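**Student:** curious how this folds, go ahead:
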Amino acid sequence: MNRLYYGDNLDVLRRHIEDESVDLVYLDPPFNSNASYNVLFAERDGTQAASQIKVFEDTWRWDEGAARAFEEVVETGGRVSQAMQAFRTFLGETDMLAYLAMMAPRLIEIRRVLKRTGSIYLHCDPAASHYLKLLMDAVFSPEQFRNEIVWKRTSAHSSAKRYGPVHDVILFYGRSDEMQWVGGYEAYDEAYVKQRFARGDERPWKDADLTGSGVRHGETGEVWRGFDVTAKGRHWAYQPSELNKLDEAEMIYWPEKKGGWPRLKKYFDTAKGVPLQDVWTDIFPINSQAQERLGYPTQKPEALLERIIGASSNEGDVVLDPFCGCGTTIAAAQKLNRCWIGIDITYLAIGLIRHRLTDAFGSAGAYEVIGEPVSLPDAVKLAHDDPYQFQWWALGLVHARPVEQKKGADKGIDGRIYFHDEGAGSKTKQIIFSVKAGHLTPGHLRDLRGVLDREHAEIGVLLCMEEPTGPMRKEAASAGFYKSPWGKHPKLQILTIEDLLTGKTIDRPPAQTSVTFKRAPKAEAPAIKGRPLDFEGSSEEQIDEEPD
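**Tutor:** Presented below is the predicted three-dimensional model:
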C-alpha cells in the first residue's frame, strides 16, 4: 500500500518504516537557511502559517537542539561518530555542523530500511556535497559509493567573481554489493546518428565490437568460425551458441577485406541509445511555462526522477522519498508502477501532493495518508479531510493509545492511557479520551462522564477543536477530583487542539508506563529475479567498444 506521511521524517522512519523494506531512496534535503524555503502558501490575511515557517528553521543553526542531535550521533559510536567528531574539529559549532547533525541520524535510519539490494540517491548543493559524501561514506562505507552524478540544472549565466554555477550533485550509493542495477540510456545526438548509422538504406545500422578485453578460458575464449580470440588477447562478448543465433538473425557484419574480424550490427530502430554516464545535460529544469510546474520553489522535473527510478528499481519495488516536497518522486514512482512512501513535514505540501496525484492518476493512485499537523489551520484541514486520522493524531499529542485500529463503534471511548501511581504491583488505572472535531455541546461532557463511571476510570479527557462554553466547563467541574499521591486532578478535563499545540497537557499523575509505539519488525526482502540476455550487450560483463 502506498503511504504518505506527514511529520518529521526521522520520527516516521523510526516508528513506521520496517527494516530492509525499501528498494530505492531518493532525497533532496533542503540546504538553505532561508526561512521561506518550504513556505508554499499564505493565510488569507497575508501571514504565513507558523508551522511552515518553522519547518527547517532550527536545522540551520547551531543551538541546544543541534548540540543534542550531534551528541546523540556521537554517542552511538562507530564510523559515523568518528566522522561527526572530525566535522566538529574542522567546522566548529557552525550552521554547517548543525545541518550534518540533522542529516546523520536520518541517513542511518535510511540505511536500516534499505534492502541489501537497494540503493540511495542523495541530491545536494555543491556547497555541501563534499561534506555529505564523507558522511555517506561513514554510513554506507566508501566501497558502496557508485557515482557522483552531475546534473546541469540551469542554463548559463554570469556570476560575480566565479564561474557560473549551473549544476547540482547527486550522490549514488548502494546498500551492499548485492545492489540491483537496471541501468538506462539517453538518446543519440542527431549528428551522431547521421554519422554513425550510415549503413543500410532501408534499415540504418552501425557496427560494434563483438569482443571484450582480456583472455577467458571458458567458452568465450574458444575459436569461433576460425577466429582465435585468445590469440588477440581478448574474449568473445557472447557464448558461441549466442554468436550463432546473432549470425542467423543477420546481426553480424562480415568484412570483405582479408583479415577483417566479424562485428556486431546495431540497428538504429532497435538501439537503446547511449548508456547513461555520470554527467546529465539532457534533462532540463522546469521553466515558468512548464505544464508540470506547481510553484514549489525546489521542484525537480519528473524526467529526472523517472531516470533514477528506472535505473535502480523494477516494477513493484518500493521507492522512498523522506523529503518529498511537492511529490515529484511519488508521481514518477506511480507512473512507473512502483510502490512508494513519501514523508514531508508540512501538511500543506501533503495537500499539494494529494491534488497532484488526483489530477494525474485519478482513482488509480490509491494511497494512505498518515499525518500529524502542528498548527491549528493544519489540524482543521486534517479534521475536514479525514476525521479518523485527525482522531489518531489528537490522541498522539497526549501519548494515548487508540482504542482500536479499525473504524467502528467505540462505545464512547476513542483512546486510553494506563498508569500506576501507587508503586510496583499496584492496581492498573486509566485515563479515557473522547475526541470531537465538530460542534460541542454540554451533552458531550455528560456522555463522557457516563463512560467514566461505567469504565471505573480515574480521569476522562475531552479533546476538541472548538473552545468549550461556560456550561461545558461547569459540567466538567461538577465531576470533582481524582486524588493521587501527587495531589488532586480534575476527573473531567477539556483540552482544545490549540491548547495541545501550545504545550498544555493533561493534569495527571506522572507517567509510570510507556505507551510509545514499538519499532516495526524486520521485513523479509523478496528475491530479485534475473533478466534475460539482451543482445544489445552482455548482461554479465562490461564490453569494450571501439571509440565511436
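**Student:** hey, where'd the strands end up in the stretch 201-350 of the chain?
**Tutor:** Counting by DSSP state E, counting those that start in this stretch, one finds strands in the stretch 201-350 of the chain at the ranges 205-208, 211-213, 234-236, 252-253, 263-267, 274-275, 279-280, 318-321, 339-344.
**Student:** now mean neighbour count too, for those, in JSON lines please.
**Tutor:** Any C-beta I mention is one placed from the backbone N, CA and C, and that applies to glycine too. Converted to JSON lines, the strands of the stretch 201-350 of the chain look like this (neighbours: other CB atoms under 10 Å):
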{"stretch": "strand 205-208", "mean neighbour count": "20"}
{"stretch": "strand 211-213", "mean neighbour count": "18"}
{"stretch": "strand 234-236", "mean neighbour count": "22"}
{"stretch": "strand 252-253", "mean neighbour count": "18"}
{"stretch": "strand 263-267", "mean neighbour count": "19"}
{"stretch": "strand 274-275", "mean neighbour count": "14"}
{"stretch": "strand 279-280", "mean neighbour count": "16"}
{"stretch": "strand 318-321", "mean neighbour count": "26"}
{"stretch": "strand 339-344", "mean neighbour count": "26"}
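**Student:** would a markdown table of these with distance to residue 7 and mean pLDDT be doable?
**Tutor:** A markdown table is the format used below for the strands of the stretch 201-350 of the chain (distance: least, CB to CB, whole Å; pLDDT from 0 to 100):
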| stretch | distance to residue 7 | mean pLDDT |
| --- | --- | --- |
| strand 205-208 | 51 | 92 |
| strand 211-213 | 50 | 94 |
| strand 234-236 | 54 | 96 |
| strand 252-253 | 59 | 94 |
| strand 263-267 | 50 | 92 |
| strand 274-275 | 40 | 90 |
| strand 279-280 | 32 | 96 |
| strand 318-321 | 14 | 98 |
| strand 339-344 | 7 | 95 |
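**Student:** pretty sure residue 148 sits in a helix.
**Tutor:** No - under DSSP: H, G, I helix; E, B strand; the rest coil, residue 148 falls outside any helix and is assigned strand.
**Student:** got the contact list for it?
**Tutor:** Residues near residue 148 by CB atoms under 8 Å, 6 or more residues apart in numbering: 129, 133, 169-172, 278.
**Student:** so in terms of bridging, what pairs with it?
**Tutor:** Beta bridges link residue 148 to residue 171, judged by DSSP bridges.
**Student:** got the CA coordinates for stretch 103-113 in CSV?
**Tutor:** Provided in CSV are the C-alpha atoms of stretch 103-113 (Å, rounded to 0.1, in the frame of the first residue of the first chain):
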residue,chain,number,x,y,z
MET,A,103,21.3,14.6,8.3
ALA,A,104,23.4,11.9,10.1
PRO,A,105,20.6,10.1,12.1
ARG,A,106,18.3,10.2,9.0
LEU,A,107,20.9,8.6,6.8
ILE,A,108,21.5,5.9,9.5
GLU,A,109,17.7,5.2,9.5
ILE,A,110,17.6,5.1,5.7
ARG,A,111,20.4,2.5,5.7
ARG,A,112,18.3,0.4,8.1
VAL,A,113,15.2,0.5,5.9
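**Student:** so what's the residue count around residue 248?
**Tutor:** The local packing of residue 248 (other CB atoms under 10 Å) involves 9 other residues.
**Student:** one more: the one 3 residues further on?
**Tutor:** Counted with other CB under 10 Å, the neighbours of residue 251 add up to 17.
**Student:** dump the strands of the stretch 201-350 of the chain to TSV, plus distance to residue 464.
**Tutor:** Formatted as TSV, the strands of the stretch 201-350 of the chain follow (distance: least, CB to CB, whole Å):
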stretch	distance to residue 464
strand 205-208	72
strand 211-213	72
strand 234-236	75
strand 252-253	78
strand 263-267	69
strand 274-275	60
strand 279-280	52
strand 318-321	35
strand 339-344	27
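**Student:** outside of the helix or strand harbouring residue 445, which residues touch it?
**Tutor:** Residue 445 is part of helix 442-455 when elements are defined by DSSP states H and E. With CB under 8 Å, 6+ apart as the test, helix 442-455 has contacts from 411-413, 430, 432, 434, 436, 457, 459-460, 462, 464, 469, 471-472, 475-476, 479, 491-492, 494.
**Student:** can you flag which of those residues belong to helices?
**Tutor:** 471-472, 475-476 (DSSP state H).
**Student:** where does the prediction get shaky in the chain?
**Tutor:** Scanning the chain with the threshold set as pLDDT under 70 gives 32-60, 287-298, 347-348, 351, 371-372, 374, 404-410, 424-425, 511-548.
**Student:** my read is that residue 224 contacts residue 246, right?
**Tutor:** No - between residue 224 and residue 246 there is no contact under CB atoms under 8 Å: 11.1 Å.
**Student:** which residue, neighbours along the chain excluded, lies closest to the most centrally placed residue in the chain?
**Tutor:** In the chain, the residue lying closest to the centroid (CA atoms, centre = their mean) is residue 321, at 1.6 Å. With CB to CB, 6 or more residues apart in numbering as the criterion, residue 321 has its nearest non-adjacent residue at 3.8 Å, and that residue is residue 329.
**Student:** so what's the one you found up against?
**Tutor:** So residue 329 contacts 26, 305, 309, 319, 321, 340, 342 (CB under 8 Å, 6+ apart).
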